[in-house]
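K.L.:
have a look at this prediction, sequence included:
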Amino acid sequence: MQIAVAKRLEQTQEYYFSKKLREIESLNKAGKNIINLAIGSPDLPPHPTVVQELVKTASLNNVHGYQSYKGSPILREAIANWYKKYYVVTVDPATEVLPLMGSKEGIMHICMTYLQAGDKVLIPNPGYPTYASAVRLSEATAIPYKLSETNNWLPDLQALEANGLQGVKMMWINYPHMPTGAKATTAFFQDIIAFGKKHNILICHDNPYSFILNEEPMSIMRVDGAMDVAIELNSLSKSVNMAGWRVGMMIAKADRIDEILRFKSNMDSGMFFPVQAAAAKALSLDQSWYDELNTIYKKRREKVFAIMNLLGCSYQKEQVGLFVWAKVSDQYKDSYELTDSILYEANVFITPGGIFGDAGTQYIRISLCATEETFDRAFERIQKLSTNT
């Protein structure tokens with residue numbers, strides 16, 4: 001018996017990396033031993049005290065039941081303290097903080113809470129593909145806005161106004177930006193908040209990369225009036241190496257937290273308390289943790305720069321975050337031609353920028369989530385390929 005999928009899925013394809021990793025698995029079974037430099041999944045562990053907190057708390061007898069939909073007060077307090085210490089932003093842990101099972105979950109919750117057929121949403125191009133997917137699943141219409149290197153990968157707000165904003169209800173932004181590594185400025189955050197207020201557009205800022213190779217972590221909520229028109233998502237996946245633990249957070253005014261909770265509470269029953277306790281411990285780490293982590297990433301980034309040079313790509317050394325974004329040379333038609341060549345001839349998997357939107361078609365992305373030795377091996381394979389051709 002054939003059962004048709006819902007119309008909301010007709011334009012939503014399986015996530016690129018979900019499909020590609022199956023192909024990589026098949027290639028590995030055939031003996032290819034692919035080096036994966038594409039995925040932004042931290043290969044380093046959390047701080048030992050975080051793991052110890054998980055083990056200690058999980059051994060208790062009274063922590064295994066259902067948890068609050070709004071998260072433990074312990075975790076909410078830790079999030080508020082973290083925002084105060086590192087972003088200089090004061091939020092009420094009882095009403096303006098919502099723990100999430102990863103910020104990706106929050107993207108869907110926000111879209112399903114506020115969007116429906118007929119609504120329009122501005123999404124970045126290039127940008128994280130989940131924004132477009134979540135918008136489509138909510139049955140709203142995604143309107144990509146092109147970002148360019150000439151404008152430091154920031155949206156041109158005047159151009160958006162000139163093109164018309166009729167029906168636009170929401171706008172997704174993400175700084176430090178994935179995949180380009182561009183940073184926002186305080187002036188830009190002020191402009192985007194004013195833009196949202198002027199046009200009655202909810203500004204949704206996705207902020208999981210602010211601590212990686214970035215000396216000045218920023219939150220949009222530091223801008224005066226931001227709480228009135230913005231929601232910020234954040235995550236422990238990259239900043240404290242807890243990607244698989246699925247811990248994120250949402251910062252918003254109390255009314256919005258309550259509105260989003262109406263949807264979220266019908267989707268889950270709260271995360272395992274020992275994970276919340278360990279996350280609170282991670283949020284209490286001092287600056288030395290981030291300094292040590294970034295020392296490792298700086299060394300890895302130099303290795304990636306060397307690979308990009310070998311491939312003839314151009315890039316900005318000032319970019320931050322967990323990836324290196326680079327423009328492919330004119331000898332390749334686009335990023336897909338280059339990445340396919342590297343995958344099938346050198347057995348190295350890197351990401352074509354085109355998966356993030358057509359504005360990324362001439363770019364590639366390499367993750368910093370691999371050891372220096374792995375980058376050296378990848379360099380050698382690509383160098384050998386270049387020599388042979």
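P.N.:
Yep, that arrived.

K.L.:
let me see the ranges of the strands in this structure.
P.N.:
For the chain, the strands defined by DSSP state E occupy 35-36, 97-100, 120-125, 141-146, 168-173, 202-206, 230-235, 248-251, 314-315, 323-327, 348-349, 351-352, 363-367.

K.L.:
now render the ones you listed as JSON lines, adding mean neighbour count, mean pLDDT and distance to residue 106.
P.N.:
C-betas here are computed from N, CA, C, even on glycine. Shown next, in JSON lines, are those (neighbours: other Cβ atoms under 10 Å; pLDDT from 0 to 100; distance: least, Cβ to Cβ, whole Å):
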{"stretch": "strand 35-36", "mean neighbour count": "20", "mean pLDDT": "92", "distance to residue 106": "27"}
{"stretch": "strand 97-100", "mean neighbour count": "24", "mean pLDDT": "96", "distance to residue 106": "5"}
{"stretch": "strand 120-125", "mean neighbour count": "23", "mean pLDDT": "98", "distance to residue 106": "15"}
{"stretch": "strand 141-146", "mean neighbour count": "18", "mean pLDDT": "97", "distance to residue 106": "17"}
{"stretch": "strand 168-173", "mean neighbour count": "23", "mean pLDDT": "98", "distance to residue 106": "12"}
{"stretch": "strand 202-206", "mean neighbour count": "24", "mean pLDDT": "98", "distance to residue 106": "8"}
{"stretch": "strand 230-235", "mean neighbour count": "26", "mean pLDDT": "98", "distance to residue 106": "5"}
{"stretch": "strand 248-251", "mean neighbour count": "27", "mean pLDDT": "97", "distance to residue 106": "5"}
{"stretch": "strand 314-315", "mean neighbour count": "16", "mean pLDDT": "96", "distance to residue 106": "30"}
{"stretch": "strand 323-327", "mean neighbour count": "25", "mean pLDDT": "97", "distance to residue 106": "21"}
{"stretch": "strand 348-349", "mean neighbour count": "24", "mean pLDDT": "94", "distance to residue 106": "28"}
{"stretch": "strand 351-352", "mean neighbour count": "24", "mean pLDDT": "94", "distance to residue 106": "23"}
{"stretch": "strand 363-367", "mean neighbour count": "27", "mean pLDDT": "97", "distance to residue 106": "22"}
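
K.L.:
redo the ones you listed as JSON lines? Include distance to residue 292.
P.N.:
Shown next, in JSON lines, are the strands of the chain (distance: least, Cβ to Cβ, whole Å):
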{"stretch": "strand 35-36", "distance to residue 292": "24"}
{"stretch": "strand 97-100", "distance to residue 292": "26"}
{"stretch": "strand 120-125", "distance to residue 292": "31"}
{"stretch": "strand 141-146", "distance to residue 292": "37"}
{"stretch": "strand 168-173", "distance to residue 292": "30"}
{"stretch": "strand 202-206", "distance to residue 292": "25"}
{"stretch": "strand 230-235", "distance to residue 292": "19"}
{"stretch": "strand 248-251", "distance to residue 292": "23"}
{"stretch": "strand 314-315", "distance to residue 292": "25"}
{"stretch": "strand 323-327", "distance to residue 292": "20"}
{"stretch": "strand 348-349", "distance to residue 292": "28"}
{"stretch": "strand 351-352", "distance to residue 292": "27"}
{"stretch": "strand 363-367", "distance to residue 292": "19"}
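
K.L.:
the helices in this structure, which residues?
P.N.:
16-29, 48-58, 73-82, 103-114, 129-137, 157-163, 186-199, 226-229, 254-264, 273-283, 287-310, 335-346, 372-388 (DSSP state H).

K.L.:
what pLDDT, on average, does the last one get?
P.N.:
In this model, helix 372-388 carries a mean pLDDT of 89.

K.L.:
what's the offset of that helix from the middle of its chain?
P.N.:
Distance, stretch centre to chain centre, for helix 372-388: 28 Å (Cα atoms, centre = their mean, to the nearest Å).

K.L.:
can you pull out the low-pLDDT segments for the stretch 151-300 of the chain?
P.N.:
Under the criterion pLDDT under 70, no range of the stretch 151-300 of the chain is flagged.
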